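Participant: Sequence plus predicted model, see below.
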Amino acid sequence: MAQGPTLPEPLTRNPGDAARGKAVAVNSDLGNCLICHQISMPEVPPGAAGDIGPSLDGVGLRLTAAELRQRIVDPRKIEPETIMPAYHTTDGLVRVASQYAGLPILSAQQVEDLIAYLLTLK
């Protein structure tokens, strides 16, 4: 059952790769999901992940690829006041450093890779 707006169509023709997606999730220069979300991984020490956002443990059971895609691309479509960054849109963003203006945080393929990884979190 959908929880708000979704993006049903993949952003790329190439399917997402879960291993690359995990790398996006933990890379502080890319997704950096761990700064706000708990993800149980052996390589992440207890207490090292954030607790601002909901735990991503089990997210692959709770949300579909379309729901995850919307949350990653532009979560403001679901919750306008969210503090979660819009990872693949530049519309309506404020306080963006000039060198990043007009550039999304993640490429379309990185978004699809991240979705593939998140769907493995059962």
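Facilitator: Noted; the coordinates are in hand.
Participant: check contacts around D57.
Facilitator: By C-beta atoms under 8 Å, 6 or more residues apart in numbering, the contact list for D57 reads 38-40, 121. C-beta coordinates here come from the backbone N, C-alpha and C atoms, glycine included.
Participant: Serialize those to CSV and add fields for pLDDT, neighbour count and distance to H88.
Facilitator: As requested, the contacts of D57 are arranged in CSV below (pLDDT from 0 to 100; neighbours: other C-beta atoms under 10 Å; distance: C-beta to C-beta, whole Å):
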residue, pLDDT, neighbour count, distance to H88
Q38, 94, 20, 23
I39, 93, 19, 20
S40, 90, 12, 26
L121, 97, 20, 20
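Participant: For those residues, give me a markdown table that also has secondary structure and distance to A101.
Facilitator: Output for these, formatted as a markdown table (DSSP: H, G, I helix; E, B strand; the rest coil; distance: C-beta to C-beta, whole Å):
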| residue | secondary structure | distance to A101 |
| --- | --- | --- |
| Q38 | coil | 32 |
| I39 | coil | 30 |
| S40 | coil | 36 |
| L121 | coil | 33 |
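Participant: Name the nearest of these relative to L56.
Facilitator: L56 lies nearest to I39 out of these, by C-beta to C-beta, at 4.7 Å.
Participant: doesn't G31 make contact with the closest one?
Facilitator: No - using C-beta atoms under 8 Å, I39 is not in contact with G31, being 10.7 Å away.
Participant: Need the residues touching each of the two.
Facilitator: Joint contacts of I39 and G31 (C-beta under 8 Å, 6+ apart) are A25.
Participant: Make TSV from the contacts of D57 and add distance to N27 to it.
Facilitator: Listed next are the contacts of D57 as TSV, based on distance: C-beta to C-beta, whole Å:
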residue	distance to N27
Q38	17
I39	13
S40	18
L121	17
